[in-house]
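[1] Structure of the sequence below:
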Amino acid sequence: EEPGFSCGIRFTAPFITKDPVTGVRNTGMYSGHFRSERTLIAGIARTHHAMLYHHPSAAKRGEPLPVAIVLGALPDINYVSAANLPYGVDELGVAGAIRGRPVDLVLCKTIPLEVPAEAEIVIEGEISATEMARGEPFSDYPGYLMTERGLRPVIEVKAITFRREPIFTAILVGLPPSESNGISRTCREMMLYNFLKYSCNLPEVLEVCCPEMGGGWNWWVIRMAKSHPSKPKQALQAASGMDTTNKVIIVVDEDIDPKDPDMVMWALSFAMQPHRDVQVITGRSPLLDPSAYALMTHPEERFFPPPVGCGGLLIDATRKGKYPPIGLPKRKFMEQALEIWREERMPELRLKTPWHGYALDLWTADDDALAERVAGGEYFPSRTN
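    Numbering: from 1, shown residues only. Down below sits the predicted model:
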């Protein structure tokens, strides 16, 4: 992926596993690192469902965990695999809902799992309950190489099946723009919006943004209407509870575009006071965030640095109290300027919010009348009346 730095060959794709006791199926977006012609290293974080629930369940029985790796899946399966759906929700069932029909499944040849029939390539294997192998440096979503060379479970390949003339579809991982971070952003935004608005009873939530440069995990911005002063804090607390891997969560007013870094910076600069509006929380899991632990001296701390894990920031960047108008010309004047612009056949403009001024709280009818007279050329009379 990064010639000159990557120290191995890997792929990123949906991995299908089942709990050997309950039969709960999970389809997650993980990585497989080639170790030999018949073995892989499982690039699955301890906090991901396959390793958090299924692998320990199999290990308690002294059994390897069957795994089917789907290369060349359709986009709906790739997206649900990366969506971090609640445990117990069948990702393949959600993919069927997206496409409007059940996903056609076929049995694997050597393991008791089903895979999408339209897959280009399927690697059938078993994740060892005991055998571990050292990983080599590889690039990932934070935009850095993971160099700690930690031990990960070994996958023994049992069979590889494929279509005639199969197409290998790569999902590139690394410093954005990358396919993995683009998928992660889309999935995090859909899941976070649905969680806040419908599961947490927050109809005020209007939009969320989980930028690719934050890996989809580490920087969340929530745009919301404020019906009550408590709502921004409720949204922040709820979002932090959705997953243990988020890091910086910001709530902004409904007139702030969460996808515009300049507008988010404006809100942070002039609608927030750190001592009043910022809360530091702990108990976070860093995933692959290299700022969280000493890569070379304490790699064992990567999943939950002692004693309280990693930290997060909850920032209420909504306006408190009364604010003056936005410092731009009123809409009618900006619209007149736009008409002139178009009459002169100037290049088409891409307006960004806010593109005109508007009143907030600290503005009276007298202020408005005075400003109208000044705009009409009555500056000196208005100053003496």
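
[2] mind listing what the residue lying closest to residue 153 once chain neighbours are set aside touches?
    Distance criterion CB to CB, 6 or more residues apart in numbering; nearest residue to residue 153, sequence neighbours excluded, is residue 42 at 4.6 Å. Where you see a C-beta, it was placed from the backbone N, CA and C, and this is true even at glycine. Applying CB atoms under 8 Å, 6 or more residues apart in numbering, one finds that residue 42 lies in contact with 30, 32, 51, 67, 127, 152, 153, 154, 155.

[3] for residue 42, helix, strand, or coil?
    Following DSSP: H, G, I helix; E, B strand; the rest coil, we place residue 42 in the strand state.

[4] returning to what we had before: in the contacts of residue 42, find the pair that's most separated.
    30 and 154 (14.2 Å; CB to CB).

[5] Let's have the contacts of residue 42 in a markdown table, adding distance to residue 5, pLDDT and secondary structure.
    Below are the contacts of residue 42 laid out as a markdown table (distance: CB to CB, whole Å; pLDDT from 0 to 100; DSSP: H, G, I helix; E, B strand; the rest coil):
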| residue | distance to residue 5 | pLDDT | secondary structure |
| --- | --- | --- | --- |
| 30 | 21 | 95 | strand |
| 32 | 19 | 94 | strand |
| 51 | 26 | 96 | helix |
| 67 | 28 | 98 | strand |
| 127 | 27 | 98 | strand |
| 152 | 19 | 92 | strand |
| 153 | 24 | 96 | strand |
| 154 | 24 | 97 | strand |
| 155 | 24 | 98 | strand |
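
[6] Distance to residue 82 and neighbour count for these - can I get that in TSV?
    Formatted as TSV, those follow (distance: CB to CB, whole Å; neighbours: other CB atoms under 10 Å):
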residue	distance to residue 82	neighbour count
30	10	22
32	15	24
51	16	20
67	17	30
127	20	25
152	20	22
153	21	23
154	24	20
155	20	29
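
[7] so which of the residues you listed comes closest to residue 282?
    Among these, and counting by CB to CB, the member closest to residue 282 is residue 51, at 23.0 Å.

[8] got a pLDDT number for the residue nearest to residue 153?
    At residue 42, the model reports a pLDDT of 95.

[9] cool, residue 361 as well?
    For residue 361, pLDDT reads 92.

[10] The one 5 residues further on too?
    Reading off the per-residue confidence, residue 366 sits at a pLDDT of 93.

[11] Please state the offset of the helix or strand where it lies from the chain centre?
    In this structure, residue 366 sits in helix 365-375 according to DSSP states H and E. Centroid displacement of helix 365-375 relative to its chain, using CA atoms, centre = their mean, to the nearest Å, is 46 Å.

[12] Check which residues of it are buried.
    Buried residues in helix 365-375, counted by 16 or more other CB atoms under 10 Å: residue 370.

[13] how about low-confidence regions in the protein?
    Applying pLDDT under 70 to the chain flags the ranges 1, 294-297, 299, 381-385.

[14] Hmm, residue 298 and residue 292 touching each other?
    No. Counting by CB atoms under 8 Å, residue 292 stays clear of residue 298, with 10.4 Å between them.

[15] joint contacts of the two?
    Common neighbours of residue 292 and residue 298 (CB under 8 Å, 6+ apart) are residue 305.

[16] For the stretch 101-250 of the chain, which segments count as helices?
    Ranges of helices in the stretch 101-250 of the chain, per DSSP state H, counting those that start in this stretch, are 179-194, 231-242.

[17] Mind putting these into TSV with mean neighbour count?
    Shown next, in TSV, are these (neighbours: other CB atoms under 10 Å):
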stretch	mean neighbour count
helix 179-194	20
helix 231-242	19
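
[18] Select, out of those helices, the one closest to residue 258.
    Closest among the helices of the stretch 101-250 of the chain, using CB to CB: helix 179-194, at 9.7 Å.

[19] Give me the helices and strands touching that closest one, please.
    In terms of contacts (3 or more CB pairs under 8 Å, 6 or more residues apart in numbering; DSSP states H and E), helix 179-194 is packed against helix 75-82, strand 205-209, strand 219-224, helix 231-242.

[20] Run the angle between the shortest one and strand 219-224 for me.
    This points to strand 205-209. 160 degrees (axes from the mean of the first three to the mean of the last three CA atoms, to 10 degrees).

[21] Report the angle between strand 205-209 and helix 179-194.
    170 degrees.

[22] Report the buried residues of strand 205-209.
    205, 207, 208, 209.

[23] for stretch 69-84, same thing?
    Quick answer for stretch 69-84 (16+ other CB under 10 Å): 69-74, 76-84.

[24] try stretch 314-325
    Buried-residue list, stretch 314-325, by 16+ other CB under 10 Å: 314, 315, 316, 317, 318, 319, 325.

[25] so what's the fourth one up against?
    The one in question is residue 317. By CB under 8 Å, 6+ apart, the neighbours of residue 317 are 250, 251, 252, 253, 256, 264, 267, 268, 271, 272, 277.

[26] Phi, psi for it please.
    Torsion angles at residue 317 (phi, psi; degrees, to the nearest 10) stand at phi -100, psi 30.
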